[in-house]
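**Q** Sharing a sequence plus its predicted fold:
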Amino acid sequence: MDFNKSFVTTSTTEDYEYPDFITYTIKDPSSIEDIFKPVLYCIVFTCGLVGNALVLWILIWLKKLASVTDIYLLNMAISDLLFIFSLPFVVYSIKYQWEFGDAMCKILSSVYYVGFFSSIFFVTVLSVDRYVAIVHVVFSLKVRTVHLGIIIVVSVWTCSFLFSLPHFIFHKLSIDNTVKYCTVSFPKDKEVAMTLLSYFQVNIFGFIIPVAVLTFCYTRIILNLRNSRSRQKKYAVKLIFIVVAVFFLFWTPYNIVIFLKLLEVLGVFDSSFSTGLNSAMDITQTIAFVHCCLNPIIYSFAGENFQKHVFRMFSKLLKCMKVNKVRGSFESSVIDRASGTIRDSRSTSFTESVV
């Protein structure tokens, strides 16, 4: 196989392409598309890492996980970090090939899907949490406890690990004419059933159910707040619109393509649509990746309390830098004066000795 012309890292069973954490067909490593993707993924990785790491720092060290919402935000940030953890490996594979072995192939594919499902689940959990806190205020005092929050968090992670288990089992390192790639390989007798199950899993649990929950919760919240004159509540309504709009904008295209791939497996479309759907999957998955960078902004930094903590943190950082700068300039001035005194004394003693 000529690697420069045809290096395939798509997760492909015998007849169907599977929506994997690596879904890229490298036709020409020098093309605009294959240069643009690594650059975009590097930006997503950097922004997602910095943003979510900052959320973790503020929640743990500044807010001290003061509420059950903070616990959900913390776990959502961890989910986003897991989701983007595979990106450096994906970037390397786009430019070269899979060089990380069979174990890393299994681990990274399962980690990707743990992050994928847990991130969406925690978005859903946060929506329900806000719905209960705003619409059922009295009831929320009883149920929005740290104990129940921990139970929900453990349940979300457990479900996410279970959904990712098939990816750990069936992903493996494959070699085609000396070219290595990470791919999913379902048993031949269960190939169609497993592929359909995986498509349904992503569509139903990764989109349809969360969208239904988000729509219900935020509709009730808006109805509850529509007659409110509170500036804070009006701000909450605007934030709700942003949450729903961003979720739909970044996840809907990807899930539409997954649904079309499902119909293709069922025989609704013929194979002539495969190339277009595969390209569409590449593009929409790339768009979906960006969502993990926006979660810290939407759910954390848009809140007034978070903004205060961020401002305080940067204020302290600037003060420390200013103090260190002043201290450094003071120390250097003292050293300069001391050096000048030594030079003057030496000069004087030399003059006296000459005289």
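**A** Done, it's in.
**Q** okay, and for the chain, where does confidence drop off?
**A** Scanning the chain for pLDDT under 70 picks out 1-34, 232-237, 240, 270-272, 299-307, 309-310, 322-355.
**Q** Now do stretch 125-138: distance to the chain's middle.
**A** Averaged C-alpha coordinates place stretch 125-138 at 24 Å from its chain's average position (CA atoms, centre = their mean, to the nearest Å).
**Q** what sits up against it?
**A** When contacts are defined by CB atoms under 8 Å, 6 or more residues apart in numbering, stretch 125-138 is touched by residues 68-69, 72-73, 76, 139-140, 143-144, 152, 156, 213-214, 216-218, 220-221, 224-225, 236, 240, 243, 299. In short, each C-beta sits where N, CA and C put it, glycine included.
**Q** mind listing which of those residues are in helices?
**A** In helices, defined here by DSSP state H, the members of these are 68-69, 72-73, 76, 139-140, 143, 152, 156, 213-214, 216-218, 220-221, 224-225, 236, 240, 243.
**Q** quick one, strands of the stretch 51-200 of the chain?
**A** Along the stretch 51-200 of the chain, counting by DSSP state E, counting those that start in this stretch, strands occupy 171-176, 179-184.
**Q** how about a markdown table for those, with distance to Val111 and mean neighbour count added?
**A** Shown next, in a markdown table, are those (distance: least, CB to CB, whole Å; neighbours: other CB atoms under 10 Å):
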| stretch | distance to Val111 | mean neighbour count |
| --- | --- | --- |
| strand 171-176 | 11 | 16 |
| strand 179-184 | 12 | 22 |
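**Q** filter the contacts of stretch 125-138 to the buried ones?
**A** Applying 16 or more other CB atoms under 10 Å to the contacts of stretch 125-138, the neighbour count classes 68-69, 72-73, 76, 140, 144, 152, 156, 213-214, 217-218, 221, 224-225, 236, 240, 243, 299 as buried.
**Q** Near Phe205, how many residues? Count them for me, please.
**A** If you count neighbours by other CB atoms under 10 Å, Phe205 ends up with 16.
**Q** Also the one 4 residues further on?
**A** Taking other CB under 10 Å as the criterion, the count of residues near Ile209 is 14.
**Q** again with Ala103
**A** The tally of other residues near Ala103 (other CB under 10 Å) stands at 10.
**Q** ditto for Arg312
**A** Here the number of neighbours of Arg312 (other CB under 10 Å) works out to 12.
**Q** quick one: the spatially closest residue to it that is not a sequence neighbour from Leu54, how far?
**A** Nearest residue to Arg312 in three dimensions, chain neighbours excluded: Leu62, at 7.3 Å (CB to CB, 6 or more residues apart in numbering). The gap separating Leu62 from Leu54 is 10 Å, by CB to CB, to the nearest Å.
**Q** quick one: the helices in the stretch 151-300 of the chain?
**A** 191-200, 209-225, 231-265, 274-289, 291-295 (DSSP state H, counting those that start in this stretch).
**Q** which of the residues in the longest one are buried?
**A** By that I understand helix 231-265. 236-237, 240, 243-244, 246-247, 250-251, 253-255, 257-262, 264-265.
**Q** Not counting its neighbours along the chain, what's nearest Phe209?
**A** Just to correct that, residue 209 is Ile rather than Phe. Thr124 is the one closest to Ile209 (CB to CB, 6+ apart), at 7.6 Å.
**Q** Brilliant, that's me finished.
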